[in-house]
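Visitor: generate a structure from the sequence data that follows.
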Amino acid sequence: MLMVRAGHKHKKDKTRKSKKDITMQTVHGNGSNTKNSSHRLAGISSMVGTTIEWYDFFIYGAAAALIFNKLFFPNLDALTGVLAAFATYAVGFIGRPLGGLVFGHFGDKIGRKSMLLLTLMLMGIPTVLIGLLPTYESIGYWAAICLVVLRFIQGMAMGGEWGGAVLMAVEHAPEGGKGFWGSLPQASTGGGLMLASIALGLVSLLPEQALFSWGWRLPFLASIILLAVGWYIRVKVPESPDFEKVKQQSEEVKVPALQVFKNHPKQLITIILARAAENAWFYIASTFTLAYTTAQLGIARQDILFATICGAIVILFMTPLCGHLSDKVGQRNMFMFGLCILALYCYPFFTMLNTKDPVLVWTAIVLAIGVVFPIMYAPQAQLFARQFPAEIRYSGISISVQLAGVLGGGLAPLIATKLLSIGQGNPYLIMIYIGSMAIVAIISTSFMPRDWQTKTDEAYHKKSKLNLKTKITEQS
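Guide: Numbering: from 1, shown residues only. Below you'll find the model as predicted:
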């Protein structure tokens with residue numbers, strides 16, 4: 001009798017256990033599906049949102065190269081006017097480190113998602129206001145002052161945007177795919193540049209009087225539509241799992257930026273010097289080249305904008321491809337390979353431009369923007385993110401990358417224009433400038449941990465934290 005009851009009890013327990021297992025499997029299965037959809041949604045929304053912000057940023061750069069010198073600095077000669085317009089363009093890069101500092105701090109304290117929504121607004125609204133801005137003819141030098149203020153706000157927004165966007169993509173992504181998913185917001189550079197170039201290319205078809213009176217305003221005012229689309233998509237994304245873990249484990253740092261400067265100076269300096277070359281190259285290839293080929297070489301504006309659009313389209317495909325390859329060969333290796341290509345391509349790039357041959361000029365620009373640039377740019381999200389722990393990661397990558405932006409991208413068109421003047425129209429000094437930056441970047445990247453070494457270090461740090469918590473529990 002006892003044996004029968006025991007048998008029934010065992011059978012009932014087994015049934016309960018199997019039901020429990022099924023329930024657990026269902027829960028885990030749903031969790032896995034949620035996680036899969038989560039990292040896809042995070043990657044795609046980061047790409048779309050950042051594309052819109054890059055559009056806002058690039059439309060200013062293209063307008064600075066072709067239009068703003070005549071509208072806001074009409075009393076200056078042609079070259080000085082372009083320099084003045086590029087100076088207002090550089091102000092955006094000066095605002096970027098401050099944006100990285102501010103948004104990085106709150107991104108590590110409050111969350112990645114809320115900062116990304118805020119940066120979207122702070123980029124879109126000034127862009128629309130630039131489209132409504134009176135020119136020098138109406139309010140004199142106040143026009144240039146207002147332009148500088150709005151550009152500075154744009155720079156701050158972009159300074160906070162990049163770090164949050166790549167972290168949302170990388171921190172949601174599964175192991176072994178972080179390079180690919182992290183490359184999606186990087187690919188948005190191509191989308192933003194393509195949209196900006198198309199917009200400016202279309203208004204450039206207008207008669208010159210219409211272009212300089214009201215046509216140039218249209219691409220800036222169009223940003224309000226893109227802003228609404230970006231907000232709608234971005235608001236649906238859940239918070240980063242790495243940030244949620246930091247909150248749960250109470251590992252928040254009081255002043256993240258202070259910890260970055262105090263405890264991670266090596267990572268800070270290596271990223272700044274490593275990224276400056278890629279950043280300088282991109283803005284020389286996309287912004288300075290626009291002014292150089294049209295003003296110095298006399299090539300039609302529409303031809304250069306068309307080549308830039310083609311290069312931007314290639315970025316959209318090359319960046320995810322290089323991101324995927326970086327998961328196979330390692331992000332550090334891919335980045336260093338791209339820097340070597342950059343050092344070798346400087347001379348052929350300007351040589352092809354100087355031929356003024358339409359096919360060679362088109363090829364030079366497409367290769368510069370669509371091939372050389374993505375090899376360096378695609379692996380950066382995961383490569384730079386893993387240099388810092390999660391609790392200070394937003395601050396760490398934002399500050400370092402945006403300081404590199406000032407050193408590289410912000411000053412590059414100005415320096416290139418000045419070097420061209422010193423070289424009396426010959427770009428050989430610009431080639432030396434870019435080549436030297438590439439060599440410095442290669443040396444700096446060599447000080448970053450190797451790809452396999454980073455994984456070992458992460459495992460070691462996790463084990464150390466676990467052992468410490470175990471000791472504390474045992475003592476209490």
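
Visitor: average pLDDT for stretch 288-298?
Guide: The predicted model gives stretch 288-298 an average pLDDT of 88.

Visitor: please apply the same query to stretch 346-361.
Guide: Per-residue scores along stretch 346-361 average to 94.

Visitor: for it, buried residues please.
Guide: For stretch 346-361, burial by neighbour count (16 or more other C-beta atoms under 10 Å) applies to 346, 349, 350, 352, 353, 354, 361. Heads up, the C-betas are built off the backbone N, CA and C, glycines and all.

Visitor: looking at those residues, spot the one nearest residue 317.
Guide: residue 349 (20.8 Å; C-beta to C-beta).

Visitor: buried residues in the helix or strand hosting residue 162?
Guide: Per DSSP states H and E: residue 162 is located in helix 142-172. Buried positions in helix 142-172, judged by neighbour count with 16+ other C-beta under 10 Å: 143-144, 146-148, 150-172.

Visitor: which pLDDT value goes with the nearest residue to residue 374 once chain neighbours are set aside?
Guide: Nearest non-adjacent residue to residue 374, counting by C-beta to C-beta, 6 or more residues apart in numbering: residue 318, 4.0 Å away. Predicted confidence (pLDDT) for residue 318: 94.

Visitor: ok, then the element right after whichever helix or strand residue 318 is part of?
Guide: If you go by DSSP H and E, residue 318 is part of helix 301-329. Helices and strands here follow DSSP H and E; after helix 301-329, the next one along the chain is helix 331-355.

Visitor: and the angle from that next one to helix 301-329?
Guide: 160 degrees (axes from the mean of the first three to the mean of the last three C-alpha atoms, to 10 degrees).

Visitor: helix or strand right after helix 331-355?
Guide: That would be, after helix 331-355 and using DSSP H and E, helix 358-367.

Visitor: against which helices or strands is that following helix packed?
Guide: helix 301-329, helix 331-355 (3 or more C-beta pairs under 8 Å, 6 or more residues apart in numbering; DSSP states H and E).

Visitor: distance from the helix or strand containing residue 431 to the middle of the chain?
Guide: Per DSSP H and E: residue 431 is located in helix 428-445. Distance of helix 428-445 from its chain centroid, counting by C-alpha atoms, centre = their mean, to the nearest Å, is 21 Å.

Visitor: number of nearby residues for residue 277?
Guide: Counted with other C-beta atoms under 10 Å, the neighbours of residue 277 add up to 29.

Visitor: contact partners for the nearest residue to residue 304 once chain neighbours are set aside?
Guide: Using C-beta to C-beta, 6+ apart and skipping the chain neighbours, the partner closest in space to residue 304 is residue 293 (5.0 Å). Applying C-beta atoms under 8 Å, 6 or more residues apart in numbering to residue 293 gives the contacts 299, 304, 353, 361.

Visitor: ok, back up a step: distance to residue 43 added to the helices and strands packed on helix 358-367, as JSON lines?
Guide: Shown next, in JSON lines, are those (distance: least, C-beta to C-beta, whole Å):
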{"stretch": "helix 301-329", "distance to residue 43": "10"}
{"stretch": "helix 331-355", "distance to residue 43": "16"}
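
Visitor: quick revisit: let me see the contact set for the residue nearest to residue 374.
Guide: Contact analysis of residue 318 by C-beta under 8 Å, 6+ apart lists 370, 371, 374, 375, 378.

Visitor: the nearest residue to residue 237 once chain neighbours are set aside and residue 71: what is the separation?
Guide: Once flanking residues are discounted, residue 237 sits nearest to residue 45: 4.8 Å by C-beta to C-beta, 6+ apart. When distance is defined by C-beta to C-beta, to the nearest Å, residue 45 is 35 Å away from residue 71.

Visitor: who has more neighbours out of the two?
Guide: Each of residue 45 and residue 71 has its neighbours counted (other C-beta under 10 Å); residue 45 has more, 24 against 21.

Visitor: circling back: give me the angle between the helix holding residue 431 and helix 331-355.
Guide: Using the same axes, to 10 degrees: helix 428-445 against helix 331-355 is 180 degrees.

Visitor: buried residues in helix 428-445, which are they?
Guide: Buried-residue list, helix 428-445, by 16+ other C-beta under 10 Å: 429, 430, 431, 433, 434, 435, 437, 438, 441, 442, 444, 445.

Visitor: ok, so of those, who is nearest residue 134?
Guide: residue 430 (35.3 Å).
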